[in-house]
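Q: coords below, sequence missing:
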């Protein structure tokens, strides 16, 4: 996903969250640095793709799947834990 909009995220959540709640969630994600504003409101906010965001995505997926997070960081990022 290159751009995130309220409608896209609400669809991904199967409509279980209200539009205002999804908007607040997107604002929080933007504050954390995972989204940037785009020039067009129609496109939505641009998703930032980087090593740290990919690591965070892996962690979140493991939490959702219920798997233990032991050694979840790739070997090249082991210096981050030291």
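A: Done, it's in. It should be emphasised that the depicted structure is a prediction, and the values quoted were computed from it without experimental measurement.

Q: ok, then the element right after the helix or strand encompassing residue 20?
A: Using DSSP states H and E, residue 20 sits within helix 19-31. Using DSSP H and E, the next helix or strand after helix 19-31 towards the C-terminus is strand 35-36.

Q: about what we covered before: which helices and strands does the helix holding residue 20 pack with?
A: Using 3 or more Cβ pairs under 8 Å, 6 or more residues apart in numbering; DSSP states H and E as the contact test, the elements touching helix 19-31 are helix 6-12, strand 35-36. (Each C-beta comes from the backbone N, C-alpha and C, glycine too.)

Q: the same query, at a cut-off of 10 Å, please.
A: Identification of packing neighbours for helix 19-31 by 3 or more Cβ pairs under 10 Å, 6 or more residues apart in numbering; DSSP states H and E yields strand 3-4, helix 6-12, strand 35-36, strand 45-47.

Q: please point out which parts of the helix ranked longest in the chain sit buried.
A: For the chain, the longest helix by residue count, based on DSSP state H, is helix 51-65. Residues of helix 51-65 classed as buried by neighbour count (16 or more other Cβ atoms under 10 Å): none.

Q: chain center to that helix, what's the gap?
A: Remark: helix 51-65 is offset 9 Å from the chain centroid, using Cα atoms, centre = their mean, to the nearest Å.

Q: circling back: pLDDT on the helix holding residue 20, on average?
A: The pLDDT scores in helix 19-31 average 88.

Q: cool, and stretch 46-56?
A: pLDDT averaged over stretch 46-56 gives 82.

Q: and the end-to-end length of that stretch?
A: 17 Å (Cα to Cα, to the nearest Å).

Q: tell me how far it is from the chain's mean position?
A: Mean C-alpha position of stretch 46-56 versus that of the full chain (Cα atoms, centre = their mean) differs by 8 Å.

Q: please apply the same query to stretch 13-21.
A: Mean C-alpha position of stretch 13-21 versus that of the full chain (Cα atoms, centre = their mean) differs by 16 Å.

Q: output the contacting helices and strands for the longest helix of the chain.
A: Contacting helix 51-65 under the criterion 3+ Cβ pairs under 10 Å, 6+ apart is no other helix or strand.
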